[in-house]
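K.L.:
Just to be clear, the model below is a prediction. Sequence and coordinates:
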Amino acid sequence: MDNQMKNVREAALEIIEAVEKNQSYSNLLLNDTIKKYHMTGPDAALLTELTYGTIQRKLTLDYYLKPFIKKKLEQWVRLLLRLSLYQMVFLDKIPDRAVIHQSVEIAKKRGHKGIAGLVNGVLRSVQREGVPSLEEIKDPIHRLSIETSHPEWLIKRWVHQYGYEQTRRMCKENLLAPVQTARVNETITNRREVIEKLQSEGVTAVPSPVIPISIRAVKGNLAHTEAFRKGLFTIQDESSMIVAFALEIEPGMRVLDACAAPGGKTTHIAEILNHTGSVTALDLHAHKVNLMMDQVKRLHLNNVETRVLDSRKAGDVFEHESFDRVLVDAPCSGLGVLRRKPDIKYSKSEEDIYSLKSVQKDILDTVSQLVKPGGILVFSTCTVDKEENVETAAQFLSDHAEFTENPLNIPEGLPIKADRHILQVFPQDFGGDGFFISAFRKK
Ligand SMILES: C[S@@+](CC[C@H](N)C(=O)[O-])C[C@H]1O[C@@H](n2cnc3c(N)ncnc32)[C@H](O)[C@@H]1O
C-alpha cells in the first residue's frame with residue numbers, strides 16, 4: 001500500500017510537470033497514466049484528485065509557499081512542493097507527516113540528499129507556522145485571483161462582463177469536481193432500465209432533475225460498465241445535452257454538424273432522428289472522426305455519415321440550402337469547462353479568444369449558406385466569454401439579414417431561462433459546464 005501510494009504521487013508529479021511544460025492536457029495525460037500503470041479504483045481516484053487539485057489550486061499554493069522559499073528552485077522541486085502542500089492544506093484524509101515523508105522520498109530518489117533536506121525543511125516550516133492569510137491581500141480582484149486560482153486578466157474580464165458576484169461564484173464552482181452525467185440512448189432503452197442495469201453492475205445513478213434523458217452517477221464510474229459498452233448511454237455533460245433540443249429536430253430531417261468530433265451532439269441528434277433522416281458530421285481531424293465512428297457503432301446508430309473536412313470549405317462540397325438543420329458547436333477557448341480541464345485557465349490568453357472568434361465567424365459564414373429557407377442554424381460553445389458568445393452571435397445576425405433570431409427551445413426542468421434566441425449557462429447554475437447556445441432561423 002505504502003509503495004503504491006508513492007507511485008501515485010510520482011505519477012501525479014510527472015503529469016503536473018508535463019502540463020506545466022505545455023506538453024499535453026491534464027485530462028488526456030491522466031487517462032493515459034491510469035491505463036499505463038493499470039491503476040484501479042482508489043489509486044486512480046487519488047491520482048485524479050492530486051493531479052487536478054494541484055493544477056486547479058496552483059496560484060493559491062504558490063502564494064502559500066512564497067514565504068517559505070528563499071532561493072530559486074528547480075521546476076520539479078517547486079512542483080513537488082505544490083503537490084505536497086495541496087495534500088496538507090486541502091485534503092483531510094492524508095496526515096501531514098505521511099505527505100512529508102513521501103515527498104522527501106521522491107526528492108531523494110529524483111534529486112539528492114540536499115534537495116530532500118530542503119523539501120523536508122520547507123514542508124515542516126509550513127506545518128509549524130501555517131500558511132499566510134488571504135486577508136492580507138487588499139485588492140479584491142487580486143484576492144479572488146489568488147483565492148480561487150484564476151489568472152487576474154481572466155477575473156478582470158469576467159468582472160467586467162458579469163460583475164464581481166457572478167464571477168466569484170463561477171470561480172468557486174470551477175474548483176469543484178463535476179458530477180458524472182450521461183444521456184440515455186432512447187433508440188434502444190429508457191432511463192428506468194438504464195438505472196436498473198447500472199444498479200445490477202454496482203453503480204448507482206439517479207434521474208437528472210433538469211434534463212429528461214439524463215442520469216447522474218452517485219456511486220461508481222459509468223465508463224467502466226457493460227451498460228456503457230452496450231451503447232445504452234453516452235457520458236455527456238448536461239449543458240451539452242441542451243444543444244440538440246435547440247435544433248428542434250423532427251423525424252426525417254437532414255442535419256449538418258459542422259464541428260462534430262468526438263460526436264457527443266452528433267449522436268444525440270441521430271438518436272432523436274431515431275433511424276430516420278441523416279446527420280452529416282464534419283471534423284478537421286481524421287483521428288477524431290475515427291473516435292466518432294466508434295461511438296456511432298457503439299450506440300447502434302445507422303443515420304450518421306462522417307467526413308474529414310474543414311467546415312470553412314463545406315460551401316464547395318455540399319449543395320447550398322440543402323440541410324434542414326445546421327449545428328456549429330465551434331472551437332472555443334473552453335473557459336466553461338475549467339473543472340474538467342483546469343490547465344486551460346493558465347494557458348489561454350486574450351489573443352486566443354480573438355483568434356477563435358474569427359474562426360467561429362468564418363465557419364458560421366460558410367455553413368449558413370447550407371441551411372434551407374425556414375431551417376435552423378445553432379451556434380454553441382463551451383465557454384463563458386462574451387466576445388466568443390453573444391458578440392459572435394450578434395455579429396452573425398448583423399452580417400446575415402437572411403437570418404432572424406429563433407427563440408430557444410430548451411428543457412422545462414432547467415432552472416435558467418433563455419434570453420430569446422440566446423442562453424448562457426454558468427457552471428454554478430445547475431452543476432453543468434459553462435456553455436453558450438444561440439439559434440437562428442433562415443427567412
Ligand atoms: C467543441 S469541439 C466539438 C464537440 C462536439 N460537437 C461534441 O459534442 O462532441 C470542436 C471541434 O471542432 C473541430 N474543428 C475545429 N476547427 C474546425 C474546422 N474549421 N472545421 C471542422 N472542424 C473543426 C475540432 O477538431 C473539435 O473536434
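P.N.:
Perfect, I can see it now.
K.L.:
And the contacts of stretch 190-205?
P.N.:
The contact list for stretch 190-205 (CB atoms under 8 Å, 6 or more residues apart in numbering) reads 182, 184, 189, 206-207, 212-213, 215-222, 225-227, 232-233. In short, each C-beta sits where N, CA and C put it, glycine included.
K.L.:
and what of stretch 339-359?
P.N.:
19, 22, 25-27, 52, 55-56, 58, 149-151, 153-154, 157, 173-178, 330-335, 337-338, 385, 387-388, 391-392, 427, 433.
K.L.:
burial of S333, as a residue count?
P.N.:
By the measure other CB atoms under 10 Å, the count of residues near S333 is 25.
K.L.:
How about the contacts made by it?
P.N.:
Applying CB under 8 Å, 6+ apart to S333 gives the contacts I344, K348, D352, I353, L356, T383, D385, E388.
K.L.:
switch to 6 Å and redo it
P.N.:
Contacts for S333 (CB atoms under 6 Å, 6 or more residues apart in numbering) come out as K348, D352, I353, L356, T383, D385.
K.L.:
near the ligand, which of those show up?
P.N.:
The subset of those lying close to the ligand, counting by CB under 6 Å from any ligand atom, is empty.
K.L.:
Quick check: residues of the stretch 301-443 of the chain near the ligand?
P.N.:
Going by CB under 6 Å from any ligand atom, the residues of the stretch 301-443 of the chain near the ligand are D310, S311, R312, D329, P331, I363, C382.
K.L.:
so the fifth one, which of the three states?
P.N.:
Okay, so that is P331. Assigned with DSSP: H, G, I helix; E, B strand; the rest coil, P331 falls in the coil class.
K.L.:
contacting residues for it?
P.N.:
With CB under 6 Å, 6+ apart, P331 has these contacts: V359.
K.L.:
from what I can see, V328 looks like it's in a strand, true?
P.N.:
Yes - counting by three-state DSSP, V328 falls inside a strand.
K.L.:
May I have the phi/psi pair for the nearest residue to P67 once chain neighbours are set aside?
P.N.:
Nearest non-adjacent residue to P67, counting by CB to CB, 6 or more residues apart in numbering: P132, 5.9 Å away. Note on P132: backbone dihedrals following degrees, to the nearest 10 are phi -60, psi 150.
K.L.:
before we move on, back to that, out of the residues of the stretch 301-443 of the chain next to the ligand, who's the most crowded?
P.N.:
S311 (27 neighbours).
K.L.:
The nearest residue in space to that one that is not next to it in sequence: how many residues sit nearby?
P.N.:
Leaving aside its sequence neighbours, S311 sits nearest to A258 (CB to CB, 6+ apart; 3.9 Å). Here the number of neighbours of A258 (other CB under 10 Å) works out to 26.
K.L.:
list the contacts for A258?
P.N.:
L282, S311, V328, I363, V367.
K.L.:
how much space between the last one and L46?
P.N.:
It stands for V367. To L46, V367 is 44 Å away according to CB to CB, to the nearest Å.
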